[in-house]
Structures are given as structure tokens and as C-alpha cells.
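K.L.:
here is my input, please return the structure:
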Amino acid sequence: MYKVKVFVTLRESVLDPQGTAVKHSLHSMNYNEIADVRIGKYMELMVEKSDRPVQEVVKEVCDRLLANPVIEDYRFEIEEAVAQ
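P.N.:
Just a heads-up that it's a prediction; the model follows:
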């Protein structure tokens, strides 16, 4: 069993209105040292071992469902999970 952490973010070239709103709110709260905010998504997947490499499975899932490849980038980290 593998624990996979998936991070999805908007591409740098894509405007992030939610991030901009958070940045303005932080500035209004006098956190002026915050230069920029980008909002993303974080997911954890538990993936069972199979005949396919876990990287292949996760990449396919991200490309087909978890991320929009037109406007989003993603990265993932794979950890071997300890059975309980």
C-alpha cells in the first residue's frame, strides 16, 4: 500500500483571483510582508500495490480527473504506507 500526496496548483500564467483576494485580505490585516498568494488543492490517495507501477497509476489519475492539464500543474509524493 502506498500513500500518495498530490499537490495541484494553477499554472503561473493563469490568474488566481482567489489568491489575490486572500492577499488583499492579509494586507488589510497588516500582513504587508506577504508578497503573493496562490491557492491550490491537496489530496491524499491510498493506492494498493498492483502489477502497474504506482507512478503510472497516479499520473493517469491526475491527468484524467484530479487536475485540469490546460490550466493546472501537479506534483506528487509517494510513501510506502505501513499496514496496520
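K.L.:
hmm, Val37 and Gly19 touching each other?
P.N.:
Yes. Counting by Cβ atoms under 8 Å, Gly19 does reach Val37; the two are 4.2 Å apart. (Glycine included, C-beta is placed from N, CA and C.)
K.L.:
how many neighbours does the closest residue to Asp63 other than its chain neighbours have?
P.N.:
Closest residue in space to Asp63, ignoring its immediate chain neighbours: Pro69 at 6.1 Å, by Cβ to Cβ, 6 or more residues apart in numbering. Residues near Pro69, counting by other Cβ atoms under 10 Å, number 11.
K.L.:
name the single longest helix found in this protein.
P.N.:
Counting by DSSP state H, the longest helix found in the chain is helix 17-28.
K.L.:
which residue is most remote from the mean position of the chain?
P.N.:
Within the chain, Asn30 marks the point farthest from the mean C-alpha position, 28.1 Å out by Cα atoms, centre = their mean.
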